[in-house]
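> Okay, sequence plus prediction incoming.
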Amino acid sequence: MSLQSEIELCRRGLMFILSSPSGAGKTTLSRRLLAQYSDVAQHEKIAMSVSVTTRPMRVGEQDGKDYFFVSEEKYKQMVARDELLEHAQVFDNYYGTPANFVREKIEKGIDVLFDIDWQGTKQLSQKNHADLVSIFILPPSMCELERRLRARAQDSDEVVAKRMSKAKTEIDHWQEYDYVLINQDLDQTHDKINSILKAERLKRTRQYGLSDFVDRL
């Protein structure tokens, strides 16, 4: 047995949150992070948290991959049975995180990536603070945020205006996060997120068997 395999420690997975106003880049950054860790060892893997939602499925989306699409009645039943780690209303729809999926991944040492807002982050922090690492992504300016929203060509002027109004409320919660990054350059922001992830994985409290290893020294 090699020295490397002898001293390799297992770790507990973490809940890795990326939040931002719509259009600030969290979805693109999440996809980059998932792609980076798609072909790695078990202890380095990241799984995207798949939320339940009551909103209609969009073109190109898949049930069970992008979201679990449920009726409002089914959603309320899940809330009542405490089957969601967090849940919130966003615009006219409801979203939530299934608890079993997340807990199983963390116990196996797999990180779970969340693309959620400040409301969901607050609820997760109250229930699972020790496993949580949160990052808030800021746009370089509100003008740039609006430009990015319009460049997507997915929403009407009315929806863009609604998202811009909501963005101001979301940004007010930046101080509730562990880390805050300004996404002016996508590559640089990705590198910073990756550095945070690597450092958080090495925290003493997430290393299984560390006490036994020290005792054997």
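Good, I have the coordinates.
> So for the helix or strand in which Val214 is found, mean pLDDT?
Per DSSP states H and E: Val214 is located in helix 210-216. Regarding helix 210-216, the rounded mean pLDDT is 86.
> and if you look at stretch 124-136?
Mean predicted lDDT for stretch 124-136 stands at 92.
> CA-only coordinates of it, as CSV, when you get a sec.
C-alpha atoms of stretch 124-136 as CSV (Å, rounded to 0.1, in the frame of the first residue of the first chain):
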residue,chain,number,x,y,z
LEU,A,124,-30.6,26.1,4.9
SER,A,125,-28.3,28.0,7.3
GLN,A,126,-30.8,27.6,10.1
LYS,A,127,-31.0,23.9,9.6
ASN,A,128,-27.5,22.9,8.3
HIS,A,129,-25.1,25.7,9.2
ALA,A,130,-22.1,23.4,9.8
ASP,A,131,-22.4,21.9,6.3
LEU,A,132,-23.0,25.2,4.5
VAL,A,133,-20.7,27.4,2.4
SER,A,134,-22.4,30.4,0.8
ILE,A,135,-21.3,32.8,-2.0
PHE,A,136,-23.2,35.8,-3.3
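> Check which residues of that stretch are buried.
124-125, 128, 131-136 (16 or more other C-beta atoms under 10 Å). C-beta coordinates here come from the backbone N, C-alpha and C atoms, glycine included.
> okay, those residues in a markdown table with secondary structure and distance to Lys166 next?
Compiled in a markdown table, the buried residues of stretch 124-136 are given as follows (DSSP: H, G, I helix; E, B strand; the rest coil; distance: C-beta to C-beta, whole Å):
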| residue | secondary structure | distance to Lys166 |
| --- | --- | --- |
| Leu124 | helix | 20 |
| Ser125 | helix | 21 |
| Asn128 | helix | 26 |
| Asp131 | helix | 28 |
| Leu132 | strand | 23 |
| Val133 | strand | 24 |
| Ser134 | strand | 19 |
| Ile135 | strand | 19 |
| Phe136 | strand | 15 |
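> where's Gly96 relative to Gln36, distance?
Using C-beta to C-beta, to the nearest Å, Gly96 is found at 27 Å from Gln36.
> More neighbours: the two, which one.
Gly96 (23 against 15; other C-beta atoms under 10 Å).
> Please name the bridge partners of that one.
Residues in a beta bridge with Gly96, per DSSP bridges, are Val52, His87.
> Report the contact partners of it.
Going by C-beta atoms under 8 Å, 6 or more residues apart in numbering, Gly96 touches 51-53, 75, 78-79, 84-88.
> Let's see that with 10 Å instead.
Going by C-beta atoms under 10 Å, 6 or more residues apart in numbering, Gly96 touches 51-54, 68, 70, 75, 78-79, 83-88, 116, 120, 123.
> Output the below-cut-off pLDDT ranges for the chain.
Low-confidence segments of the chain (pLDDT under 70): 1-7.
> That one: strands as residue ranges?
15-19, 46-48, 52-53, 68-69, 84-90, 93-98, 111-115, 132-138, 179-182 (DSSP state E).
> Using TSV, lay out these together with distance to Glu170.
Formatted as TSV, the strands of the chain follow (distance: least, C-beta to C-beta, whole Å):
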stretch	distance to Glu170
strand 15-19	8
strand 46-48	21
strand 52-53	18
strand 68-69	24
strand 84-90	10
strand 93-98	14
strand 111-115	13
strand 132-138	9
strand 179-182	12
